[in-house]
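Peer 1: kindly generate the corresponding structure for this input.
(one chain, ligands or ions: 1)
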Amino acid sequence: MLSYRHSFHAGNHADVLKHIVQSLILDALKQKDKAFVYHDTHSGVGRYDLQDERSEKTGEFLQGIARLWQRDDLPAELTSYLDAIRVLNDGETLRYYPGSPKVARAQIRAQDRMVLTELHPTDFPLLLQEFRGDRQVRIYKEDGFARLKASLPPKERRGLVLIDPPYELKHEYMDVVKAIGESVQRWATGTYAIWYPVVYRSNIDAMLEGLEDLGIRKILQIELGVEPDTEERGMTASGMIVINPPWKLESQMETLLPWLQSVIAPTRGHTTLRWVVPE
Ligand code: SAM
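Peer 2: This next block holds a predicted model:
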């Protein structure tokens, strides 16, 4: 089933959190000259037009990137993330929003490379078009987890894997756990960033328990909620689970998370920053 289209949600509060964390991890990888790989298992189309009918229909970006854009008190840690947005837009008008592949492309250097997978029959050609002729980017129309398994360990032995499935089906939470188990066996030192939506909290609890049971160390949870948990349908929060995070990420998020909450969800929001499994 491939009914999910990210264009309805691009630039929402969940994208903002995801792409900020992604860009901070890439910033950290760039501290060393040695090449790294950015591997994106569920890539989407790469670039979103916030004026298209899907974005306009939901208006989700209004409680996301639109709240940050043009503020004059933006924390310095957001520079790489915001630069990735600025290169897609002329001047001050916010029209285009980068998906995770474009956030990464704005940051990688000549020695780095990217691997992208996308299965959707409409989104895959758009992604391909976005990176046409780019020799640093390989794009596959394959299952994201199968391609990940086949690609590890990367020759660089350094890098970030972003795992961002649509979670339309309940089993996708446990698919992530299985994929992490297989991946760390092949490449234990890679950084893995898993995005998750809080729709039913029980799914997240089960996923975190599954990850703990894998016996791996250094698992950091970063969450931004816009509403309290509920049993009714609808995303109330989202988060990133980062395995082998760069050492500075925790302290960066300690200041960024409360700031983001104050900008995005000042009245009913919450934040979580904790080690699911410490070092
Ligand atoms: N990572 C993107 C970003 O941040 O801009 C958004 C990705 S979106 C949440 C999930 C994407 O996964 C959708 O574009 C969907 O078509 C794609 N997808 C669904 N099943 C897949 C699979 N088995 N393998 C690869 N991609 C898949």
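Peer 1: how about the residue in the stretch 151-279 of the chain positioned nearest to the ligand, what does it touch?
Peer 2: With Cβ to the nearest ligand atom, the shortest gap between the stretch 151-279 of the chain and the ligand falls at residue 164, namely 3.7 Å. Every residue, glycine included, has its C-beta placed from N, CA and C. Neighbour list for residue 164: 18, 40-42, 44, 100, 194-195 [criterion: Cβ atoms under 8 Å, 6 or more residues apart in numbering].
Peer 1: hang on, residue 176 in a helix?
Peer 2: Yes. Assessed by DSSP: H, G, I helix; E, B strand; the rest coil, residue 176 belongs to a helix.
Peer 1: so what's the residue count around it?
Peer 2: Residue 176 has 24 neighbouring residues, counting by other Cβ atoms under 10 Å.
Peer 1: can you pull the contacts of it?
Peer 2: Residue 176 is in contact with 163, 165, 194, 207, counting by Cβ under 8 Å, 6+ apart.
Peer 1: picking up where we left off before, how close does the residue of the stretch 151-279 of the chain closest to the ligand get to residue 213?
Peer 2: For residue 164, the distance to residue 213 (Cβ to Cβ, to the nearest Å) stands at 22 Å.
Peer 1: cool, and residue 250?
Peer 2: Residue 250 sits 23 Å away from residue 213, taking Cβ to Cβ as the criterion.
Peer 1: please apply the same query to residue 276.
Peer 2: 11 Å.
Peer 1: residue 35 too?
Peer 2: 33 Å.
Peer 1: who's more crowded, these two?
Peer 2: The neighbour comparison of residue 35 against residue 213 (other Cβ under 10 Å) goes to residue 35, with 18 against 10.
Peer 1: dig out what residue 273 forms beta bridges with.
Peer 2: Counting by DSSP bridges, residue 273 is bridged to residue 222.
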